[in-house]
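> sequence? don't have it. structure:
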């Protein structure tokens with residue numbers, strides 16, 4: 001499969017949220033929206049579907065489920081069951097639904113800051129409280145504030161994890177994820193792991209899905225993924 005990553009594609013004037021919201025000479029570094037064309041197989045599949053001419057309600061094709069299962073096993077060695085997949089319109093509604101499902105009104109949701117703004121907005125949209133703990137900068141590297149999270153955990157029900165982290169750019173190591181899940185187990189928290197950027201790791205440190213790192217605790221982990229950032 002060939003992709004021309006050097007071909008400039010003009011998106012201004014296409015109702016692009018990234019390029020047309022502010023217009024002018026603003027460089028839109030505030031949104032994670034690729035300017036590369038989608039892979040040719042994706043374009044061809046969309047063209048074929050559009051050519052059918054009828055766009056009624058659809059079922060989820062089994063081929064799509066198989067593609068996801070095969071991708072996760074091939075890339076991460078993570079074998080999931082078909083019925084583990086829950087379809088959502090995007091990751092952000094997943095954050096909102098998770099706060100609603102696993103924390104009662106008035107209970108607290110914990111996350112590490114700085115973080116993607118919807119993490120901070122999701123709890124209040126569901127009448128839940130937000131508890132934040134600042135990431136620690138150690139020798140020029142951002143680290144999980146495990147001691148501070150330990151202190152905050154007893155008063156919370158849900159932890160929201162950005163993994164890999166936006167905007168810190170950290171790919172959390174396996175031992176860091178294991179330590180975080182261990183904390184969640186001891187304090188009976190549900191971990192919501194937003195892994196939307198998992199396929200865009202730039203160095204040799206591999207992304208390790210939280211549920212794969214801690215299979216014995218997978219029943220308290222909700223993994224949010226999407227093809228939108230990668231493809």
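Thanks, I have the structure now. On a predicted model such as this, the values are computed, not experimentally measured, just so you know.
> Which stretches in this protein count as helices?
Ranges of helices in the chain, per DSSP state H, are 17-20, 40-52, 62-76, 91-102, 117-125, 146-152, 174-186, 210-213.
> So which of those is the most surrounded?
helix 210-213 (a mean of 22; mean count of other C-beta atoms under 10 Å). Placement of C-beta: from N, CA and C, glycine included.
> Now tell me what touches it from outside.
76-78, 161, 163, 174, 177-178, 180-181, 191, 193, 195, 218, 221, 223 (C-beta atoms under 8 Å, 6 or more residues apart in numbering).
> which residues touch stretch 52-64?
residue 87.
> got the helices of the chain as CSV, with distance to residue 30 columns?
Shown next, in CSV, are these (distance: least, C-beta to C-beta, whole Å):
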stretch, distance to residue 30
helix 17-20, 9
helix 40-52, 25
helix 62-76, 29
helix 91-102, 16
helix 117-125, 10
helix 146-152, 28
helix 174-186, 27
helix 210-213, 27
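> For residue 34, which of the ones you listed is the nearest?
helix 17-20 (9.4 Å; C-beta to C-beta).
> mean confidence score for that closest one?
Per-residue pLDDT values across helix 17-20 average out to 93.
> Repeat that for stretch 124-131.
94.
> Buried ones in it, by neighbour count?
126, 128-131 (16 or more other C-beta atoms under 10 Å).
> go on, stretch 211-221?
For stretch 211-221, by 16+ other C-beta under 10 Å, it's 211-214, 217-218, 220-221.
> re the thing from before, what's the closest of the contacts of helix 210-213 to residue 106?
Of the contacts of helix 210-213, the one sitting nearest to residue 106 (C-beta to C-beta) turns out to be residue 191, at 20.5 Å.
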